[in-house]
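kindly generate the corresponding structure for this input.
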Amino acid sequence: MVSLFSMQEKETALNMTIDLFCRLVQQHANVAQLITMLVETHIFSFVVGRAFVTDIEKLKISSKSRSLDIGRVLSFFSAVTKDGIKPGSNLLQAVGVLVSGPIDKQSLLDSGILCCLIHIFNALLGLDEGNQKQKTSAQENLLLTERSNDGNVGQVRRLEVVSFPWLPALLFIVMF
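Take a look at the predicted model:
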């Protein structure tokens, strides 16, 4: 059977649907009730999970090394289309809402999202390991001297925090 809609049209429709869902979530006081009002919650959950997995797989395939490039993943989660839709951010928000809702999580698991999230974490850890190797000599620069209350001078490590606004949601999703 020939599809009446192109893949691009289907993707656009899905992005618009997820965007609408995210807007409803923001406006609705009782998110749990909103989720249960969905006609086929398990199908919607599977489709959202599959869309997330598919988009991450596209990022892998488009890479020369066929592995996740964290820069591209971050760009995906922060990108905005010409229509003002944030597909990556919306997918992450939708998955987070579905995970925290009163529905069976099996549909999300069946979508392959757990493996996908593990690949993202591996890429993040790989990025961290690569940064640590590059910064081996720079670690001495991270040591600061600080005078304590009794006048002694000691060394204190400076903690550098990198902010990934989507990371708490991603961690929440994995922990369901």
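
is it true that Phe21 touches Val95?
No - using CB atoms under 8 Å, Phe21 is not in contact with Val95; the gap is 10.9 Å. Placement of C-beta: from N, CA and C, glycine included.

tell me which of those two has more neighbours.
Val95 (25 against 20; other CB atoms under 10 Å).

element containing that one?
Here Val95 sits within helix 87-100, counting by DSSP states H and E.

can you tell me, leaving aside adjacent residues, what's nearest to Leu98?
Once flanking residues are discounted, Leu98 sits nearest to Ser45: 5.0 Å by CB to CB, 6 or more residues apart in numbering.

so that neighbour sits right up against Val97, yeah?
No - contact criterion CB under 8 Å: Ser45 and Val97 do not qualify, at 10.1 Å.

state the mean pLDDT of stretch 58-67.
Mean per-residue pLDDT for stretch 58-67: 88.

first-to-last residue distance for that stretch?
Terminal residues of stretch 58-67 are spaced 10 Å apart (CA to CA, to the nearest Å).

now do the buried residues in it.
Using 16 or more other CB atoms under 10 Å as the test for burial, stretch 58-67 gives 59-60.

what's it in contact with?
Outside of stretch 58-67, the residues within contact range by CB atoms under 8 Å, 6 or more residues apart in numbering are 68-69, 72-73, 76, 119, 123.

what about Ile56, how many residues close to it?
Residues lying near Ile56 (other CB under 10 Å) number 24.

from Ile70, how far out is it?
Per CB to CB, to the nearest Å, Ile56 is found 12 Å from Ile70.

the helix holding Val95 - contacts with which helices or strands?
Under the contact definition 3 or more CB pairs under 8 Å, 6 or more residues apart in numbering; DSSP states H and E, helix 87-100 sits against helix 7-27, helix 31-37, helix 41-62, helix 70-78, helix 106-110, helix 167-175.

and it, which residues are buried?
87-99.

tell me the one of those residues nearest Phe5?
Lowest distance from Phe5 to those (CB to CB) belongs to Pro87, with 17.4 Å.

wait, doesn't the closest one sit right on Ala79?
Yes - assessed by CB under 8 Å, Pro87 is found in contact with Ala79 at 6.8 Å.

returning to that earlier point: retrieve the pLDDT associated with the residue nearest to Leu98.
pLDDT, Ser45: 92.

what is the neighbour count of it?
The number of residues packed near Ser45 is 27, by other CB under 10 Å.

who touches it in this structure?
98, 103, 105, 107-108, 111.

thanks a lot, see you next time.
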